[in-house]
Every structure is written in C-alpha cells, then in structure tokens.
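Enquirer: need a 3D model of the following:
(one chain, ligands or ions: 1)
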Amino acid sequence: MPTRIIQQSGRHLPFLNGSIRTRLILWNTAALVILMSVLGVTSRLISMKVMMASVDSELVRSTKMFLRPPQFPPPTEHRPAQQLASSGPDSDNVYRELFYNQDGAHAIASDRRPCWDTVALKRALKGETVFSTVQIADGSVRIITLPSFTPFGAKGAVQRAYPLKDILRAVASITTTLLLLAPIALLAAVWMGTALTRRVLNRVHVMTLAAKTQRSFSDRLPSTGNDEFSELAGAFNGMLADLEIAYSHQREMLERQQRFTADASHELKTPLTVIRGVAGMGAGRATLDERTRGAFADIEIAAESMSGLVQDLLLLARSDEGHVPEDVTELLLMEVVTSACQLAGEPERVEMNVEDPDMIVMGSHTDFNRLFRNIIENGLKYSRNTQKPVVITLKKCGETAVVTVQDRGIGIAPEHIPHLGERFYRVDSSRTRPTGGTGLGLSICRSILAGYRGKMGIHSAIGVGTAVTVTLPLQNS
Ligand code: ADP
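Expert: Next up is the predicted model:
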C-alpha cells in the first residue's frame, strides 16, 4: 500500500517555517502588539471624548448661569474690550463671552476680539446651539455658540470658549504613559509567553527524545497526567503495541521459514549426493546402451545443479540466522580476488589492475572466495558474446578497499538494477539463455557483504556492459 502523507493546508510565511516554539512566540507577540495598539488608540479616543463631554457640560452649565436673570446687566461699555481680550480665562476657566447682534456684528462696539467661530455664529443666529473646537492664538479652545440676547436686550448670539490646553496636556500624558508602558508590558508578555511555551513544549521534547532513543517495539513513551499530550503518548503507545504483536508474528513466521529452508536443504544434501553418485556410475558403465548412459548423464547434471542450489539455500539460511563463519582472519585482498578468478574459470579473459596490492581485510576466505567468484563468473558469463576481457580493479579509497569487476557484455536494463540481489531474481531474457543461473548469486553476495559491513553497487547499460563495485572496510583503518 503506498504511503499516504497527510497534507496540511494553508500557506506559510517563509519566516514562520521555524520550530513551533518560535512560531508560537512570534504569533503571540504579533497578537499582543495589535491588541495593545488597539487598546492604546481606543483608550486615547475614549478619554478625549469623555473630557470633551465634560467640557461641553461645563460650558452649558456656566453659560446658563451667566444668562440667568438678571440676564442683562447694565451696559458694560465701561469694561474696555482690550481688557476682555487680554484677560484670559475667568474664574470658571472660561474665556469671557462675545456678544453678537442679529447681523453678526459685535454687540459691544468696543470689543475688538475676532469671532472665534464664524460658521457656528451663523448657525446660532439661525437658532441652533453649536459646539465646536477651534484654534486661536492661545491654543485649542472648545466653543459653545447659542442664540441669546445682547447685554442691551437685542436678539443675537453669544459665544463662550473653554481652553483645552490642560485637557490636551492630560490626554498627551496618558498617551506618553501608554507608549512608555507598552514596550515594558510587551517584553514582560513575551518573556512569560516564552517561558510558558517552553514549559508546554518540553513535554513534546521529552516524547520526541523517548521516540528517538526507542530501541524496540516493546519500549513505550512516557505518558503522565490527563492532558492532550498524555492522550497522544497513549495513542502512540497503542500503535507500538500493535506493531510489536505484528512484528513478533512476522519474526516467528520468518524464523519458521528459515528453519524450514535450512532443514529442507540439509535433508536434500544426502539424497542428492547419492543420486549424483549413482547417475555418475550409470553414465560411465560401458555395459549399458548409449541412450541409457545419456539419461544417466542428464540425471547427473540435473542433480549437480540441484545440489548447487541446495548449497546456496543452505548458505543463505545460515546467514539469515546470523551464523558467523569460524575461519574469519586477516586476508590479503589481492590474493582472495586472484584465487576467486581461478575458480571462476577462463582466467585468460580476466585483466587485473591492482593499484594497491597491500590491502588487508577481515573475513572468511570461503565467504570472500564465493563473493568474488559469483561476481567474476557473472562478468564472464554475460560477456561471452563479445569475448571482451573482464577488468578487475583493486584500489584503496580512504578507509575502504574498492574492488570493481567491469565487463563489456550484454548489460542490464535500468528497471532491473534495483531488484538485483533479491532471491531468485533473474533478468527475464536470461531465463531462456544457456547462461541463465538460479538468480541466487547476487543475493548470496549481498548477504556475505552484510556480515562484513561491506557494500555492493551495480552500474550497467544495455549493450555497453556492467560494473559491479564491492566496498569493504580495510583492516586497521
Ligand atoms: P544468476 O545465478 O542467475 O547469474 P545472479 O543473482 O548472479 O543470478 O544474477 C541475477 C541476474 O542479474 C542474472 O540472471 C543476470 O540476468 C543479471 N546479471 C548479473 N550480473 C550480470 C552481468 N555482469 N551482466 C549482465 N547481467 C547480469
């Protein structure tokens, strides 16, 4: 079944691709900055609005008091306008009033102060009460303009102004305090967020570490408490338990299979030897007719190939069981390869190219003979059509010995290369050929190499040839 990877939807910003911890801290900080900005702006607006409302009600209160009966004091021509203009806010913290006639002209002729808000004045003369904020020489002022009678009893309008200097100063100090406190609050929140995130993610770290150091399916992840993490650990542990059961079933089956192969191969060895012996004798008996002798010879050939197959199977079964050969010793690699060459036959078609003759490896002579013999035999077998030599190169590469067997024969199609070394795997076309073997040769090579921390690589091209590279760790490396 193909592996299914659950895709996560949503796009990610490149700088947020770090660890969850970094992402959480960044998101928290961003959320805090936005929240604090909104809070700051809102509180500034609200405090401004509240203060303006209280100024307005103060203007209404003071203006009503001022207009209370006796509403119109006797003409105050004795109060010079300059004095009014320069006097600044009166005891109510309000600028002295400006009276206007119905035509918009100053009701007190000596008042030289300019109108504070002409638009509001026009509206007030039409009967409206208007609040406005304007800028005058002294700074910002809040103004109430409403219809009224002039001190001389004529219909007109009056304007009173409340200086906003103190209020604006208070709002500015609130803003300054917020701006000063914001970075401190932000730092404190980031610090606390980081500590909290670390504390929470520490559980994940502990679980990751436990999962990484897990050596077998019987190990379990720590699962304490009753939170989401312990739930996750519980689910993971459940999966491990299932895997443990499946794995032990699998291992049992494999062991049974290996035992069967080993037993069957072992049991087949003796009867096959008998068959080979009897068939050999029959093939050589002169008293028998030629047809019968030929039949005996065929039986002998078939028994020989069967006993080769049985030996291969026995070897693989032993290596599956982790059987370690008894004759492991230091070997001069060049010597082993040369003797494997002799055993493979056709030594005259082999060219040796030894760059480092002194390479020593640890291993069993029997195993390495078998390993190189299989590879060289293949090289010779599958280049018989071209009769071109098989070139064997021995060289040192760092702390490893590298042996390459290169032939210029039929080659192997790329789709087969990943399967070479699988038991009984043969490239199809070779089955019908006289060269076709059992398909166990390369899997024996792989299993021998696995026992000595060696590796095998195959490069090939159809019609060009094949290069099999064996890498073995050097002794004393
Ligand atoms: P066999 O005993 O059939 O040769 P191997 O495991 O040694 O089994 O090889 C598996 C298959 O790989 C062979 O059947 C053959 O088709 C192919 N093969 C191996 N070596 C070579 C080579 N040098 N050139 C071409 N084909 C090769």
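Enquirer: which regions of the stretch 301-450 of the chain sit below the pLDDT cut-off?
Expert: Scanning the stretch 301-450 of the chain for pLDDT under 70 picks out the ranges 428-436.
Enquirer: for it, just list every one of the strands.
Expert: 328-332, 350-354, 360-364, 390-397, 400-407 (DSSP state E, counting those that start in this stretch).
Enquirer: okay, the ones you listed in a markdown table with mean neighbour count and distance to residue 128 next?
Expert: Bear in mind the C-beta positions are built from the backbone N, C-alpha and C, glycine included. Formatted as a markdown table, these follow (neighbours: other Cβ atoms under 10 Å; distance: least, Cβ to Cβ, whole Å):
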| stretch | mean neighbour count | distance to residue 128 |
| --- | --- | --- |
| strand 328-332 | 14 | 111 |
| strand 350-354 | 15 | 110 |
| strand 360-364 | 19 | 108 |
| strand 390-397 | 18 | 99 |
| strand 400-407 | 23 | 100 |
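Enquirer: now distance to the ligand too, for those, in JSON lines please.
Expert: Listed next are the strands of the stretch 301-450 of the chain as JSON lines, based on distance: least, Cβ to the nearest ligand atom, whole Å:
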{"stretch": "strand 328-332", "distance to the ligand": "22"}
{"stretch": "strand 350-354", "distance to the ligand": "13"}
{"stretch": "strand 360-364", "distance to the ligand": "20"}
{"stretch": "strand 390-397", "distance to the ligand": "9"}
{"stretch": "strand 400-407", "distance to the ligand": "5"}
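Enquirer: just send these back as JSON lines, with distance to residue 136 too.
Expert: JSON lines is the format used below for those (distance: least, Cβ to Cβ, whole Å):
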{"stretch": "strand 328-332", "distance to residue 136": "106"}
{"stretch": "strand 350-354", "distance to residue 136": "104"}
{"stretch": "strand 360-364", "distance to residue 136": "101"}
{"stretch": "strand 390-397", "distance to residue 136": "92"}
{"stretch": "strand 400-407", "distance to residue 136": "93"}
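Enquirer: mind checking which of those is nearest residue 206?
Expert: strand 400-407 (39.1 Å; Cβ to Cβ).
Enquirer: which helices and strands does that closest one pack with?
Expert: If you count contacts as 3 or more Cβ pairs under 8 Å, 6 or more residues apart in numbering; DSSP states H and E, strand 400-407 packs onto helix 333-344, helix 365-381, strand 390-397, strand 465-473.
Enquirer: can you say which of these is packed in most?
Expert: Across those, averaging neighbours per residue (mean count of other Cβ atoms under 10 Å) puts helix 365-381 on top, at a mean of 23.
Enquirer: where's it relative to the chain centroid, distance-wise?
Expert: Offset of helix 365-381 from its chain centre (Cα atoms, centre = their mean, to the nearest Å): 45 Å.
Enquirer: do the same with stretch 94-105
Expert: Centre to centre, stretch against its chain (Cα atoms, centre = their mean), the figure for stretch 94-105 is 75 Å.
Enquirer: quick one: mean pLDDT over that stretch.
Expert: Averaged across stretch 94-105, the pLDDT comes to 88.
Enquirer: find the helix or strand that the closest residue to the ligand within the stretch 51-200 of the chain is a member of.
Expert: Proximity of the stretch 51-200 of the chain to the ligand (Cβ to the nearest ligand atom) peaks at residue 200, 54.7 Å away. Taking DSSP states H and E as the criterion, residue 200 maps to helix 165-212.
Enquirer: after that helix, which helix or strand is next?
Expert: Helix 165-212 is succeeded, C-terminally, by helix 228-284 (DSSP H and E).
Enquirer: before we move on, the earlier item: out of the strands of the stretch 301-450 of the chain, which comes closest to residue 375?
Expert: strand 400-407 (4.9 Å).
Enquirer: in its sheet, what does the closest one sit against?
Expert: strand 390-397 (antiparallel), strand 465-473 (antiparallel) (DSSP bridges).
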